[in-house]
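Novice: Using only what follows, build the 3D model:
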Amino acid sequence: MGPLTATVPPLIGRNIILWFRTFTAITGSGYRCYSTYRQATFAGAFTNIVFGFLHCYVFLAVATGAGGRAGGYDSRQLATFVWVGQGLLAVVGLWGWSDLADRIRTGDVASDLLRPVSPVVSYLATDLGRAAHAVLTRFVPPVLTGPIFFDVYLPTRWPTVPLFLLSMVLAVVLSFAGRYLVNASVYWLADVRGPMLLWTLCSGILAGLYFPLRFLPDWAFTTIWLATPFPSMMQTPLDVLVERDEAPVQAGLVGLQLCWVGAALFACVVVQRRAERRLVVQGG
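Specialist: Sure thing, here's the model as predicted:
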């Protein structure tokens with residue numbers, strides 16, 4: 001009994017270290033994969049900057065017409081909301097990912113199931129690598145461009161920056177979980193175009209990408225925020241950064257974001273397990 005209890009903790013420790021090494025290696029491969037698309041990265045950053053000018057001028061016009069404030073934001077907060085949002089869009093990666101759906105359709109997903117790492121963990125690690133690359137190449141250019149041409153808002157409370165960074169990471173994970181569930185629908189539907197179109201429409205409108213959800217009536221944006229995960233993908237980190245609310249409310253929004261992340265990842269695991277049983281039933 002003594003030798004057994006003495007060897008179990010080291011085995012658990014080695015397994016944890018091995019798991020983190022594997023996860024880190026997959027994340028690094030995801031970063032290197034996306035770093036090869038240099039022209040697409042440059043074109044995407046340029047497009048984000050162009051749309052940043054368009055959105056910023058529209059929102060500033062709305063604030064000017066409303067007496068200097070719109071939805072509780074002043075003009076400086078709106079400028080920061082727009083420019084950081086343009087960079088955050090690429091980091092969160094709401095659209096354009098169909099790798100899992102393509103592999104399910106072609107049958108290549110069978111090789112994913114033979115690997116020692118769960119597909120949910122493997123694709124999550126790869127997506128985190130993609131997000132890390134996007135932070136350097138797609139997030140930084142709009143964030144640096146905005147202050148050159150507009151008067152932007154800078155946080156005044158020191159906890160805001162680390163809270164924003166945490167919120168941004170949670171937004172990336174939540175976006176991945178949503179896209180994974182959309183892709184996994186192909187296990188049953190055999191075609192991802194319908195779910196993908198619905199996801200694109202809902203995420204763009206309800207995440208706060210096209211306009212801040214605070215522009216809506218209080219009952220509308222509160223319902224969207226509490227009943228759907230979409231605001232936690234864009235609106236929450238941006239509101240945290242521009243300090244739209246007091247510090248306790250900021251922490252509460254990030255806490256809600258954390259709850260959505262946990263629920264979404266759990267849903268991914270459950271759906272993946274049911275899909276694997278379905279493949280077995282089909283003779284896969």
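
Novice: tell me the contacts of residue 199?
Specialist: Residue 199 makes contact with 178, 179, 182 under the criterion Cβ atoms under 8 Å, 6 or more residues apart in numbering. To be clear about C-beta, it is placed using only N, CA and C from the backbone, and glycine gets the same treatment.

Novice: what number of residues lie near residue 50?
Specialist: By the measure other Cβ atoms under 10 Å, the count of residues near residue 50 is 12.

Novice: same question, residue 25
Specialist: Applying other Cβ under 10 Å, we find 12 residues neighbouring residue 25.

Novice: List phi and psi for residue 67.
Specialist: Dihedral angles of residue 67 (phi, psi; degrees, to the nearest 10) stand at phi 90, psi 20.

Novice: would you turn the contacts of residue 199 into a markdown table with pLDDT?
Specialist: Written out in a markdown table, the entries for these read as follows (pLDDT from 0 to 100):
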| residue | pLDDT |
| --- | --- |
| 178 | 95 |
| 179 | 96 |
| 182 | 95 |
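
Novice: What about those, which are in strands?
Specialist: Among the contacts of residue 199, no residue falls in strands (DSSP state E).

Novice: and of those, the nearest to residue 136?
Specialist: Looking at the contacts of residue 199 and their distance to residue 136, the nearest is residue 179, at 21.4 Å (Cβ to Cβ).

Novice: What separation is there between the nearest residue to the closest one once chain neighbours are set aside and residue 196?
Specialist: Nearest in space to residue 179, with sequence neighbours left out and distances taken as Cβ to Cβ, 6 or more residues apart in numbering, is residue 97 at 5.0 Å. Look at residue 97 and residue 196: by Cβ to Cβ, to the nearest Å, they are 9 Å apart.

Novice: what are the ranges of the helices in the stretch 151-284 of the chain?
Specialist: For the stretch 151-284 of the chain, the helices defined by DSSP state H, counting those that start in this stretch cover 160-184, 186-189, 193-206, 218-227, 235-241, 247-281.

Novice: oh, I was asking about the stretch 1-150 of the chain
Specialist: Chain-ordered helices for the stretch 1-150 of the chain, with DSSP H, counting those that start in this stretch as the definition, fall at 2-35, 38-65, 75-92, 99-106, 109-113, 119-134, 140-149.

Novice: and the residue nearest to residue 179, how far is that from residue 30?
Specialist: Taking Cβ to Cβ as the measure, residue 97 falls 12 Å from residue 30.

Novice: if we can go back for a sec, burial-wise, tell me which of the helices of the stretch 1-150 of the chain comes out on top.
Specialist: Comparing these by mean neighbour count (mean count of other Cβ atoms under 10 Å), helix 75-92 ranks first with a mean of 25.

Novice: ok and it relative to helix 140-149, angle-wise?
Specialist: Our comparison of helix 75-92 with helix 140-149, counting by axes from the mean of the first three to the mean of the last three Cα atoms, to 10 degrees, yields an angle of 170 degrees.
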